[in-house]
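> Turn this into a structure:
(4 chains)
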Protein chains: 4
Amino acid sequence: MPIRKKLKSDIVLVETDRITMHGLDLCKDILGKVNLGDMAFLEMKKRVPTPQESVVFNAIAVALVEHGVSANAIVARMTYTGAPEAMQVAIAAGLCGMGGGMTSGMMTSEARKTGSMENAARMLQEALPDPKADADLDALARKIVKDYAPSQIIPGVGHHFHVPDDPRTARLFEIARANGFYGPYVKLMRSIAKHAQETYRKTLPLNAPGAIAAIACELGLPWQIVRGVSVVARAIGLVGHILEEMHEPMSREIQVRAQEEATAHLRST
Amino acid sequence: MPIRKKLKSDIVLVETDRITMHGLDLCKDILGKVNLGDMAFLEMKKRVPTPQESVVFNAIAVALVEHGVSANAIVARMTYTGAPEAMQVAIAAGLCGMGGGMTSGMMTSEARKTGSMENAARMLQEALPDPKADADLDALARKIVKDYAPSQIIPGVGHHFHVPDDPRTARLFEIARANGFYGPYVKLMRSIAKHAQETYRKTLPLNAPGAIAAIACELGLPWQIVRGVSVVARAIGLVGHILEEMHEPMSREIQVRAQEEATAHLRST
Amino acid sequence: MPIRKKLKSDIVLVETDRITMHGLDLCKDILGKVNLGDMAFLEMKKRVPTPQESVVFNAIAVALVEHGVSANAIVARMTYTGAPEAMQVAIAAGLCGMGGGMTSGMMTSEARKTGSMENAARMLQEALPDPKADADLDALARKIVKDYAPSQIIPGVGHHFHVPDDPRTARLFEIARANGFYGPYVKLMRSIAKHAQETYRKTLPLNAPGAIAAIACELGLPWQIVRGVSVVARAIGLVGHILEEMHEPMSREIQVRAQEEATAHLRST
Amino acid sequence: MPIRKKLKSDIVLVETDRITMHGLDLCKDILGKVNLGDMAFLEMKKRVPTPQESVVFNAIAVALVEHGVSANAIVARMTYTGAPEAMQVAIAAGLCGMGGGMTSGMMTSEARKTGSMENAARMLQEALPDPKADADLDALARKIVKDYAPSQIIPGVGHHFHVPDDPRTARLFEIARANGFYGPYVKLMRSIAKHAQETYRKTLPLNAPGAIAAIACELGLPWQIVRGVSVVARAIGLVGHILEEMHEPMSREIQVRAQEEATAHLRST
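Okay, here's the model as predicted:
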């Protein structure tokens, strides 16, 4: 059987007495020295973060962990209840619904599909491929707001609940600024939100996914991998929900109520 | 429709201008102050870790992130290739195979099903429900080795590859000791490994899952949630593999080779 | 790199102008001649069913398709809402919770974990490894009821809702009888239910999973694969729920209600 | 807590002594009378198929069941090996990679992303929303081939392996014709393939997904649900692969080989 392509992975080499990851000795250079967020950074950037990068990257990841009794959490809880012998599956099922179009609102009080963090990061990177280039951010922002006008949805802008401001945004930008990551992508994202607000004459907060997307761009994460940060963060949150479901279950009650209500109209009177 | 049970979640309250998690203000108390491992600790223990707990917990989580071109990684890579529009699903699929009996070897050079970290933690916690109790650890260890004799598999003991020692074990115990978590569970686990080695007259390293399980017990994590640490860690590792698959794909080549080899005997000559 | 083991699959050979499955030509022997249930039978038994087997196997599979607004259906609906671009994932997530211990009630009016169809099939096959052997079914049934007494749960017996009888059971047995599959496993299962009822002095219907398990044993399906019938059947049911969710959504409403109710006690008054 | 929307499901009503699905009594009207494919039809169309519809629908579903040692099958096998206690998860993981852009080749000998069955069905339904309308199919086909020229990929056309003809296509169309479902969508699909072949001056077979898509349109299935047929069919195929993996495992060998080959270049010489 012909081999068409050599298989190749540069991530880790496991030897009998040593594990080497991206050139670092797991035992000597990593364990006890880097935290879990740094390890995610290492997986994505193939090097450990600087202290400043560490603070900023961990902050955006931490901000994505917990979303309360979200659909993901309910899915994880229901799956755990159905298959408690396989907790990994409850987490996996919970992650499945983190699609490309996350819900967030814009321009209306109702929740709406809008672009996710991923879409915002893509928008920013496509508008500004080289962050060191000399760019007219204000003009770029105007163009983006105009380009998105037909869909009336701009990734990273608007929120159905956190009005007039998403409380996480200011704090995340503060952390970015204190660590030297308040650069062109953050400025572009803010400019987009400002112009959107003027154009639509509505209160349109720069939401947390938008802030996180901008900061991820500052950290040099390609937009294609940005959803990954969100997914691993949410996996952590789901562990908390599964643990709570063990002690304070809600999934069975939710299901029974839904079953009864949804089929009430079919019952013979 | 009667409500049989009130739904209740204590994890997080999201208000318009504030997000409160286990009594902490997300923006003021958490973002920029805790790292991603600490956040996982907060989900599991409902409080942020002490600095010592943070180092130790992050170390065990980090140790679980990367396993090279494991089955999980191949599954994630193949799923990504099939559905690149839904990266979360590649991670989810990759996690699905993290079943209760992870592979690790014992007493033979071959890989064998043995107990996972979860089984080791359960073994330790059931043997020593109260870590503060005055217990004869040596006697407990002897009893455990004897009890497990029929299956010839003791969770946390033995490795098909890392012989004579799993390099992560000594380092993790060093970190635990330096931070005040070298307590009865670690000692019990080491004693179990020592007695197993004597009983079976073979080189049986205390493997990393065993070391991590013992340290998780020291941190007060109930064994029921220990698999969760492993799952979120692996989710992080899978992001790295998916990113690599984008640039240096292997999944299609693996599949084509397998397809051809597996059906060669069916081909008409 | 040494090859330790040859890869081998006997299921299908795909050639340029022909596809051969278990020796049958897909185009000539299968398409247009066998139905989807027969195809599942072919995957499991490596031959097409007889007309009688076809009726019986399709009947048990069909009986497993629809369960209303079950946890599986809610999970699939929520996942679809989160990732409508990836319908396969909604089905996959919905299947994840089909764990080893499905819910069914016994001896109480409340839902209880009891053995699944898989457990019932295993119980029957372990009690009667050879269906052609001359066995005292009544004695076997008495022994099983006695053996299961400590757990108070016998797979296939009891139902929290379908009391006094599960309507599917009589019909499925009727179909089995009409097609020559009313053999020792069905009789053993009925005898178990009868003795359980006498022992516990309660109304304990032989439930549909129990009936299906017994019939699956009659069809010669090993218990290890019985869950597979249930999983593929449920996948079909989930397609219907996803289609309904497209036009008559309920997942978002369920989530919002749960979120609000579960965190009401945390709100500052 | 205000109820914003009433939950409503019309699929099934479960009562103590009766289960009613889309107005049919499960025990009296369905069990023993419809096969598994018919049940899928009932989930999608809310009525049982006519005998002709049954043959045609079952044929397209059956055609989608088995794909040999595909990525889906390898994923399911690896997941089963990692979590044999949870077979449903192996099936679920295997389904996850059935993304919107399935692999199929066109205009080159290499496998290429091209439109799936879903994309072909969408293309056909968007071109011909009303199959009873008087349409110039040839003109529609020309327009479609022209519209798709930039991407060089037309859903349903071309195959990297089944050249010059996909053997399933002729047989499926034969079944459709014999049962009265050889209508405008089939004709349009064939016309598209013909014009594509002339335009690109290459052998471009009308592939099985294209044929199935056209027939699904004839059956009146909305393109949004077409992927569902494929998913449930593949779930059935995966059961066969998991069963084979139990007796003739390949997943561990595949993983070990990949691990060794992929990291060989990292080993110290």
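> For residue A:128, give me its contacts.
A:135, A:137, A:140, A:184, A:185, A:188 (Cβ atoms under 8 Å, 6 or more residues apart in numbering or on different chains). C-beta: built from backbone N, CA, C; applies to glycine.
> hmm, try it at 10 Å
Applying Cβ atoms under 10 Å, 6 or more residues apart in numbering or on different chains to residue A:128 gives the contacts A:135, A:137, A:140, A:184, A:185, A:187, A:188, A:217.
> Mind putting those into TSV with pLDDT, distance to residue B:160 and secondary structure?
As requested, the contacts of residue A:128 are exported to TSV (pLDDT from 0 to 100; distance: Cβ to Cβ, whole Å; DSSP: H, G, I helix; E, B strand; the rest coil):
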residue	pLDDT	distance to residue B:160	secondary structure
A:135	95	55	coil
A:137	98	56	helix
A:140	98	56	helix
A:184	98	51	helix
A:185	98	47	helix
A:187	98	54	helix
A:188	98	52	helix
A:217	98	44	helix
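> With distance to chain C added, can I get the residues you listed in CSV?
Formatted as CSV, those follow (distance: Cβ to the nearest Cβ, whole Å):
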residue, distance to chain C
A:135, 32
A:137, 31
A:140, 28
A:184, 31
A:185, 26
A:187, 31
A:188, 27
A:217, 24
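> Report the buried residues of the helix ranked longest in chain A.
The longest helix of chain A (DSSP state H) is helix A:223-247. By neighbour count on 16 or more other Cβ atoms under 10 Å in any protein chain shown, the buried set for helix A:223-247 is A:223-246.
> Leaving out sequence neighbours, find the closest residue to the most centrally placed residue in chain A.
For chain A, the residue nearest the mean C-alpha position is residue A:230 (3.0 Å; Cα atoms, centre = their mean). Nearest non-adjacent residue to residue A:230, counting by Cβ to Cβ, 6 or more residues apart in numbering or on different chains: residue A:64, 5.1 Å away.
> doesn't residue A:213 make contact with that neighbour?
No. If you go by Cβ atoms under 10 Å, residue A:64 and residue A:213 don't touch, sitting 11.1 Å apart.
> which neighbours do the two share?
Common neighbours of residue A:64 and residue A:213 (Cβ under 10 Å, 6+ apart) are A:117, A:229, A:230.
> Per-residue confidence, the closest residue to residue A:233 other than its chain neighbours, what does it come out as?
Closest residue to residue A:233 apart from its sequence neighbours, by Cβ to Cβ, 6+ apart: residue A:64 at 3.6 Å. On pLDDT, residue A:64 comes in at 96.
> Tell me the secondary structure at residue A:170.
Under the three-state scheme (DSSP: H, G, I helix; E, B strand; the rest coil), residue A:170 adopts helix.
> Residue A:207 is in contact with that one, correct?
No. In this structure, residue A:170 is not within contact of residue A:207 by Cβ under 10 Å, at 11.8 Å.
> quick one: which of the two has more around it?
Taking other Cβ atoms under 10 Å in any protein chain shown, residue A:170 and residue A:207 do not tie; residue A:207 has more neighbours (28 against 14).
> Find me the pLDDT at the more buried one, would you?
94.
> OK, contacts around it?
So residue A:207 contacts A:104-106, A:114, A:117, A:120, A:155-162, A:165-166, A:168-169, A:193, A:213 (Cβ under 10 Å, 6+ apart).
> can you tell me which of these are in helices?
Per DSSP H, the contacts of residue A:207 map to helices at A:117, A:120, A:168, A:169, A:193, A:213.
> Neighbour count added to those, as CSV?
Listed next are the ones in helices among the contacts of residue A:207 as CSV, based on neighbours: other Cβ atoms under 10 Å in any protein chain shown:
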residue, neighbour count
A:117, 27
A:120, 30
A:168, 22
A:169, 26
A:193, 23
A:213, 33
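> Near chain B, list only the ones from the residues you listed.
The residues of these that also fall near chain B, by Cβ under 10 Å from any Cβ of the partner chain, are A:168, A:169.
> Present the ones in helices among the contacts of residue A:207 as a markdown table; the columns should include distance to chain C and pLDDT.
Formatted as a markdown table, the ones in helices among the contacts of residue A:207 follow (distance: Cβ to the nearest Cβ, whole Å; pLDDT from 0 to 100):
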| residue | distance to chain C | pLDDT |
| --- | --- | --- |
| A:117 | 14 | 92 |
| A:120 | 18 | 95 |
| A:168 | 18 | 96 |
| A:169 | 22 | 97 |
| A:193 | 25 | 96 |
| A:213 | 19 | 97 |
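> coming back round to it: the residue nearest to the centre of chain A against residue A:62, yeah?
No. Under the criterion of Cβ under 10 Å, residue A:230 is not in contact with residue A:62, lying 11.8 Å apart.
> Just the endpoints, please. Distance across stretch A:126-145?
14 Å (Cα to Cα, to the nearest Å).
> let me redo that: stretch A:63-73
16 Å.
> same check, this time on stretch A:192-207
Counting by Cα to Cα, you get 12 Å between the two ends of stretch A:192-207.
> Check stretch A:214-222 too.
With Cα to Cα, one end of stretch A:214-222 sits 11 Å from the other.
> Stretch A:139-156 now?
18 Å.
> quick one: buried residues of that stretch?
Buried residues in stretch A:139-156, counted by 16+ other Cβ under 10 Å: A:140, A:141, A:142, A:144, A:145, A:148, A:153, A:154, A:155, A:156.
> Equivalent analysis for stretch A:22-33, please.
A:22, A:24, A:26, A:27, A:30, A:31, A:32.
> ok, now stretch A:200-215?
Result for stretch A:200-215 [16+ other Cβ under 10 Å]: buried residues A:200, A:204-215.
> What is the distance between it and the centre of its chain?
How far stretch A:200-215 lies from its chain's middle: 14 Å, per Cα atoms, centre = their mean, to the nearest Å.
> Likewise for stretch A:206-218?
Distance, centroid of stretch A:206-218 to centroid of chain: 9 Å (Cα atoms, centre = their mean).
> re the thing from before, biggest separation within the buried residues of stretch A:200-215, which pair?
Greatest spatial distance in these: A:200 and A:215, 24.5 Å, computed using Cβ to Cβ.
> For the stretch 1-150 of chain A, which residues are neighbours of chain D?
Residues of the stretch 1-150 of chain A lying near chain D by Cβ under 10 Å from any Cβ: A:3, A:6-15, A:18, A:20, A:23, A:79, A:82-83, A:85-86, A:88-89, A:92-93, A:96.
> Can you say which of those residues are buried?
Buried among those by 16+ other Cβ under 10 Å: A:7-14, A:20, A:79, A:82-83, A:86, A:88-89, A:92-93, A:96.
> Just those residues: which are in helices?
Among these, the members found in helices (DSSP H) are A:79, A:82, A:88, A:89, A:92, A:93, A:96.
> now, among those, which is nearest to chain D?
If you rank those by distance to chain D using Cβ to the nearest Cβ, residue A:89 comes first, at 5.0 Å.
> Wait, the closest one touches residue A:82, no?
Yes. Residue A:89 lies in contact with residue A:82 (Cβ under 10 Å); the separation is 9.1 Å.
> list the residues that contact both of the two?
Counting by Cβ under 10 Å, 6+ apart, the common neighbours of residue A:89 and residue A:82 are C:95, C:96, C:97, C:98, C:99, D:88.
> show me where pLDDT drops low in chain A?
For chain A, applying pLDDT under 70 flags the ranges A:1-2, A:101-115, A:268-269.
> quick one: contacts for the nearest residue to residue A:265 once chain neighbours are set aside?
Leaving aside its sequence neighbours, residue A:265 sits nearest to residue D:8 (Cβ to Cβ, 6+ apart; 6.5 Å). Contacts for residue D:8 (Cβ under 10 Å, 6+ apart) come out as A:261, A:262, A:263, A:264, A:265, A:266, C:69, C:244, C:248, C:249, C:250.
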